[in-house]
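Engineer: starting from these lines, generate the structure:
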Amino acid sequence: MGNVKPIPQGHHTVTPGLTIKGAAAAIEFYKKAFGAIDKGRMTDPSGKSIVHAELLIGDSYIFIGDESPDMGNKSPATLGGSPVALHIYTEDADAMFNRAVAAGAKVAMPLMDAFWGDRYGRVTDPFGHTWGIGTHKEDLTEAEIGKRAQAFYAEMAAKK
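Structural biologist: You can find the predicted model right below:
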């Protein structure tokens, strides 16, 4: 066995795993939308269902597998949505956001210069997962963020 690393090379301590109805199509979407690299996949004995796939987006892995409701793995399509959002920091939020929308994602929150110092927006992929896409633009203190948040929420309340 030798000197095996307890955390595989290139992985981080936490890796999200997405259950998807149509994992093979989702992998192709993530490649187009986010520049994901397919690092390998394993199918069930029939070869029709992806049991486990690994994608690399930037320097982070995500695991993907087809839903198997009999095993307790249900996708957002089956559940009617997901309470979980994934977030991607990228050099150019506008470019990635636009690429994701062109690939078939729906805008959940338009891109904006957010009060916390990021260029930020959210999309929902065709499989029901929500992705925040951001580029960090400003380093702010908690006080600065708090002041901007107050102004933001006051502006939102005035629009109602």
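Engineer: now do the strands in the protein.
Structural biologist: In the chain, the strands defined using DSSP state E lie at 17-20, 37-43, 50-57, 60-66, 85-89, 106-113, 118-124, 130-136.
Engineer: now the first one - C-alpha only, PDB.
Structural biologist: Included here for strand 17-20 are C-alpha records, laid out as PDB according to Å, rounded to 0.1, in the frame of the first residue of the first chain:
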ATOM      1  CA  GLY A  17     -21.900  15.500  -4.400                       C
ATOM      2  CA  LEU A  18     -24.800  16.200  -6.700                       C
ATOM      3  CA  THR A  19     -27.600  13.800  -7.400                       C
ATOM      4  CA  ILE A  20     -29.000  14.400 -10.900                       C
END
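Engineer: pairing partners for that strand, with directions?
Structural biologist: strand 60-66 (parallel) (DSSP bridges).
Engineer: could you do the second one as well?
Structural biologist: Pairing partners of strand 37-43, with direction, according to DSSP bridges: strand 50-57 (antiparallel).
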